[in-house]
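# what's the 3D shape of this:
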Amino acid sequence: MKRVITRLAFYTVTGVVVFMSLLPFLWFLDTSLKTELEITAIPPVLLPSGTLHFYRSAIERYDLLHFVRNSAIVAGATTVATILISSFAGYALARLRIRYKGLIMGALLLVSMFPQISIAGPVWRIMQSLGWLNSYQGLIIPYVTLTLPLGVWILTSFFNELPRELEKAARVDGCSHMQTLFRIMVPIAAPGVFTAAILVFIYAWNEFFFALLIMTQKRFQTLPVGIALFQGEYTLPWGEIAAASTVATVPLVLLVFLFQRRIVRGLSAGAVKG
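As a prediction, this is how the structure comes out:
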């Protein structure tokens, strides 16, 4: 009886937490499917009519797909660059005899704790001096810098778990260090690679502060900034904002659902060992 009560309490608390986490998403999904009259109705209308008017309006009036494309370019390039560099750095920290390795790892952790506002000025000046304001690389480079500590930490933990006999066997078969890394180590450490890649992608997809700071032209603005600038001079297009927010969130939700086992395995393995 006690076990039944415990399990019931666990599932109840879990259900409440999941519902509260999903409530904002469900709310703007519901709002995006309503009409103007349903959004402003008193008392509120809970069940929408199911119209896609606001999605068409967000695409045609506010150029939503343009912002989606920019976010996909920036987030995709950031993920590829971060995982590539993190693979080299993580493998080196896990396998090479490097002095002050613990100090290096601590410095990476410390850098990741800096608030964005504290480095906004230097980052903006560097991008300005390079002529990279309002350009994709002007946003990708800061994103890679900010996400590298996470990628290095996760991949270092995974490479530390792999037996060294794998590398010795690869060397006997004639593999170079690069071939050993990308043909043997990275595929075996796939859970860690997936975990790091997904977390980096989510960060780059959702990031707002540097995107607003560096991208002042609509041509290069990403989805979070584009949605924030939907508002007019006297009105807020709540329906279009809700539709755009749904479009921005759905890819991340699908990504997490598709790779949730790899994410959990990656996070748990990196946390327990290494």
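
# Quick one: mean pLDDT for stretch 176-195?
If you average the pLDDT over stretch 176-195, you get 83.

# Local confidence estimate at residue 113?
Residue 113 is given a pLDDT of 83.

# residues in contact with it?
For residue 113, the contact set (C-beta atoms under 8 Å, 6 or more residues apart in numbering) is empty. Where C-beta positions appear, they are placed from N, C-alpha and C, glycine not excepted.

# The stretch 1-150 of the chain: helices as residue ranges?
2-32, 36-40, 53-60, 64-95, 101-112, 116-130, 136-161 (DSSP state H, counting those that start in this stretch).

# Would you reformat these as a markdown table and include mean neighbour count and distance to residue 205?
Conversion of the helices of the stretch 1-150 of the chain to a markdown table gives the following (neighbours: other C-beta atoms under 10 Å; distance: least, C-beta to C-beta, whole Å):
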| stretch | mean neighbour count | distance to residue 205 |
| --- | --- | --- |
| helix 2-32 | 12 | 15 |
| helix 36-40 | 14 | 27 |
| helix 53-60 | 18 | 17 |
| helix 64-95 | 20 | 4 |
| helix 101-112 | 13 | 18 |
| helix 116-130 | 13 | 16 |
| helix 136-161 | 22 | 10 |
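
# which one of those helices has the lowest average pLDDT?
Among those, helix 101-112 carries the lowest mean pLDDT (a mean of 84).

# could you give the angle of it to helix 64-95?
Orientation check (axes from the mean of the first three to the mean of the last three C-alpha atoms, to 10 degrees): helix 101-112 against helix 64-95 gives 160 degrees.

# So which residues make contact with helix 101-112?
In contact with helix 101-112 (C-beta under 8 Å, 6+ apart) are residues 93, 98, 146, 148, 149, 150, 152, 153, 156.

# From residue 60, how far off is the last one?
When C-beta to C-beta, to the nearest Å is the yardstick, residue 156 and residue 60 sit 47 Å from each other.
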